[in-house]
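Chemist: Mind folding the following:
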Amino acid sequence: MAKRSDCLMEWVAQWAGNWSYYHKDYQYVPLNGGHRALGDCTAAFELIKRMAADSAQINCPVPIPQKNS
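Modeler: Numbers count the residues shown, from 1 in each chain. Prediction:
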């Protein structure tokens with residue numbers, strides 16, 4: 001069966017380059033969303049936008065809505 005999900009925290013840790021020689025793996029970067037559903041979702045979305053803007057390797061399939069000025 002094909003894998004149907006990925007872990008955003010693993011992607012962010014690799015993108016941020018937060019390598020731990022002690023654990024021999026990337027360390028998670030805090031979302032700083034307050035451990036509440038809306039805060040964590042908003043923080044995750046902001047991280048996805050930052051990663052997409054920073055890397056040609058990450059493609060966002062849905063256009064990001066722009067704020068009205």
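
Chemist: for the chain, what's the longest helix?
Modeler: Secondary structure of the chain per DSSP state H: the longest helix is helix 37-54.

Chemist: Buried residues, it. List them.
Modeler: Within helix 37-54, the residues scored as buried using 16 or more other Cβ atoms under 10 Å are 43, 47-48, 51. All C-beta spots, glycine's among them, are computed from the backbone N, C-alpha and C.

Chemist: what is the rounded mean pLDDT of that helix?
Modeler: For helix 37-54, mean pLDDT rounds to 90.

Chemist: Keeping just the C-alphas, turn that helix into PDB.
Modeler: Below are the C-alpha coordinates for helix 37-54, written out as PDB (Å, rounded to 0.1, in the frame of the first residue of the first chain):
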ATOM      1  CA  ALA A  37      -5.900  23.300  17.100                       C
ATOM      2  CA  LEU A  38      -6.300  26.700  15.400                       C
ATOM      3  CA  GLY A  39      -2.900  28.000  16.600                       C
ATOM      4  CA  ASP A  40      -1.100  24.900  15.500                       C
ATOM      5  CA  CYS A  41      -2.800  24.800  12.100                       C
ATOM      6  CA  THR A  42      -2.100  28.500  11.500                       C
ATOM      7  CA  ALA A  43       1.600  28.000  12.500                       C
ATOM      8  CA  ALA A  44       1.900  24.900  10.300                       C
ATOM      9  CA  PHE A  45       0.400  26.800   7.300                       C
ATOM     10  CA  GLU A  46       2.800  29.700   7.900                       C
ATOM     11  CA  LEU A  47       5.800  27.200   7.900                       C
ATOM     12  CA  ILE A  48       4.500  25.600   4.700                       C
ATOM     13  CA  LYS A  49       4.300  29.000   3.000                       C
ATOM     14  CA  ARG A  50       7.900  29.900   4.200                       C
ATOM     15  CA  MET A  51       9.300  26.600   3.000                       C
ATOM     16  CA  ALA A  52       7.500  27.000  -0.400                       C
ATOM     17  CA  ALA A  53       8.800  30.500  -0.900                       C
ATOM     18  CA  ASP A  54      12.300  29.400   0.100                       C
END
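
Chemist: Quick check: which helices or strands does it pack against?
Modeler: Here helix 37-54 touches helix 8-16, going by 3 or more Cβ pairs under 8 Å, 6 or more residues apart in numbering; DSSP states H and E.

Chemist: Good, we can wrap up now.
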